[in-house]
Each structure stands twice: as C-alpha cells, then as structure tokens.
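S.K.: The following comprises the amino acid sequence and a computationally predicted model.
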Amino acid sequence: MILLKISNSSEVVAAKVGKFLEFLTPDSVDVSAVEDQVIKKMVENLAAEGLKG
C-alpha cells in the first residue's frame, strides 16, 4: 500500500488554471483533482515499467 499526503493541492491547481478560478473552487475539489492526476501518472509510469495492478 502506498500512502500519499498532498499538502499543496491549491497551489498546484492555481498554477494550472489561475488563482481566480482556484479561489472559486472548494479545497476538497482541488485535493480530489490533484489526487486523480497523481494516481493517473503513477499508473502510467508503473505500466511503462511492466507492472500491473
């Protein structure tokens, strides 16, 4: 099991979509969006190494 704690999700979202749009979204949405992208990239990278799961 891998446990990640993302503590700067709002900053990541602000960098991608702008500070104004980040201000309009709740923090829980920011965290969820960043978690989804992190998991997606991890799956892609692990699959590239030949791992399945």
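M.R.: Sure, I can see it.

S.K.: Which of the helices or strands spans residue 7?
M.R.: Under DSSP states H and E, no helix or strand contains residue 7.

S.K.: and residue 40, what does it touch?
M.R.: Residues in contact with residue 40 (CB atoms under 8 Å, 6 or more residues apart in numbering): none are found. (Each C-beta comes from the backbone N, C-alpha and C, glycine too.)

S.K.: next one: residue 38
M.R.: Applying CB under 8 Å, 6+ apart, we find residue 38 in contact with 4, 6.

S.K.: can you do 10 Å?
M.R.: Residue 38 makes contact with 4, 6, 9, 12 under the criterion CB atoms under 10 Å, 6 or more residues apart in numbering.

S.K.: ok, the residue lying closest to the first one once chain neighbours are set aside to residue 44 distance?
M.R.: This points to residue 4. Closest residue to residue 4 apart from its sequence neighbours, by CB to CB, 6 or more residues apart in numbering: residue 38 at 6.7 Å. Here residue 38 is placed at a distance of 11 Å from residue 44 (CB to CB, to the nearest Å).

S.K.: Which of the three states applies to the residue most central in space within the chain?
M.R.: Nearest to the geometric centre of the chain sits residue 34, at 1.9 Å (CA atoms, centre = their mean). Assigned with DSSP: H, G, I helix; E, B strand; the rest coil, residue 34 falls in the helix class.

S.K.: Not counting residues beside it along the chain, what's closest to it?
M.R.: residue 9 (4.1 Å).

S.K.: List the backbone torsions phi and psi for that neighbour.
M.R.: Main-chain torsions, residue 9, degrees, to the nearest 10: phi -60, psi -40.

S.K.: which residues does residue 28 contact?
M.R.: residue 9.

S.K.: Now the lowest-mean-pLDDT helix or strand in the chain: buried residues?
M.R.: None of the helices or strands of the chain scores lower by mean pLDDT, DSSP states H and E than helix 19-24, at a mean of 76. Across helix 19-24, burial judged by 16 or more other CB atoms under 10 Å covers residue 22.

S.K.: then that helix to CSV, C-alphas only?
M.R.: Below are the C-alpha coordinates for helix 19-24, written out as CSV (Å, rounded to 0.1, in the frame of the first residue of the first chain):
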residue,chain,number,x,y,z
LYS,A,19,-5.5,31.9,-8.9
PHE,A,20,-9.0,33.4,-9.6
LEU,A,21,-10.5,30.0,-10.7
GLU,A,22,-8.8,28.2,-7.8
PHE,A,23,-10.3,30.7,-5.4
LEU,A,24,-13.8,29.8,-6.7
